[in-house]
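Undergrad: Provided below are the primary sequence and the corresponding predicted coordinates.
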Amino acid sequence: MAKKIIGNLKLRIPAGRATAGPPVGSTLGQWGLNMMDFINPFNEATKELQGKDVIVHLQVYEDRTFTWKSLGRPVDDLIREAINIKKGSGVPHTDKVGKITRAQLEAIAEIKKDQLNANDMDGRVKIIAGSARSMGVEVEG
């Protein structure tokens, strides 16, 4: 019989730098989980992305065990890196902060292809373009 899931957690953690402090320690501590069972494997698995944020999904089970899956870097970080901006616009529909090309969108879509809910490249590019627009980035092409 499958274990009963009592929690689904989503964390954004700097790769290779998870510690027992916030946000990891406080979140896992609330659920009564052993932090080191997550921190050491996470830091080892993400050391090649050192310092960049990574999205992690954790499933917490009734017996206080858990499984985790790293989803890689967030789309907004990839967009900001592709067009060299510090942050998105506070008023995205009026104040534009940069432009992104179709080729850059395709490169990001290729990185995130396993996490996006789309059948083909055009669908993936539309999802990424929507994220870019919501950040105040103009989409070319």
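TA: Nice, thanks for sending it over.
Undergrad: on contacts alone, who are the packing partners of the top helix by length along the chain?
TA: In the chain, assigned by DSSP state H, the helix with the most residues is helix 121-134. Applying 3 or more C-beta pairs under 8 Å, 6 or more residues apart in numbering; DSSP states H and E, one finds that helix 121-134 contacts helix 75-83, helix 102-111, strand 137-139. Placement of C-beta: from N, CA and C, glycine included.
Undergrad: average pLDDT for that helix?
TA: When pLDDT is averaged along helix 121-134, the result is 94.
Undergrad: which residues touch that helix?
TA: Under the contact criterion C-beta atoms under 8 Å, 6 or more residues apart in numbering, helix 121-134 has outside partners 75-76, 79, 88, 92, 100, 102, 105-106, 108-110, 112-113, 116-118, 139.
Undergrad: And the contacts of stretch 52-59?
TA: 5, 7-15, 28, 38, 42, 46, 66-74, 77.
Undergrad: Just the buried ones from those?
TA: 9, 11, 13, 15, 28, 38, 42, 46, 66, 68, 70, 72-74, 77 (16 or more other C-beta atoms under 10 Å).
Undergrad: picking up where we left off before, is it possible to get CSV of the helices and strands packed on helix 121-134 that adds distance to residue 123 and mean pLDDT?
TA: Listed next are the helices and strands packed on helix 121-134 as CSV, based on distance: least, C-beta to C-beta, whole Å; pLDDT from 0 to 100:
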stretch, distance to residue 123, mean pLDDT
helix 75-83, 14, 94
helix 102-111, 9, 95
strand 137-139, 15, 93
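Undergrad: Would you format those as CSV with distance to residue 124 included?
TA: Below are the helices and strands packed on helix 121-134 laid out as CSV (distance: least, C-beta to C-beta, whole Å):
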stretch, distance to residue 124
helix 75-83, 11
helix 102-111, 4
strand 137-139, 14
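Undergrad: shaky segments in this protein?
TA: 1 (pLDDT under 70).
Undergrad: go again using 80 as the cut-off
TA: Counting by pLDDT under 80, the chain has low-confidence residues at 1, 51, 141.
Undergrad: now the closest residue to residue 111 other than its chain neighbours: how far from residue 16?
TA: With C-beta to C-beta, 6 or more residues apart in numbering as the criterion, residue 111 has its nearest non-adjacent residue at 6.4 Å, and that residue is residue 78. Distance, residue 78 to residue 16, by C-beta to C-beta, to the nearest Å: 18 Å.
Undergrad: Many thanks, have a good one.
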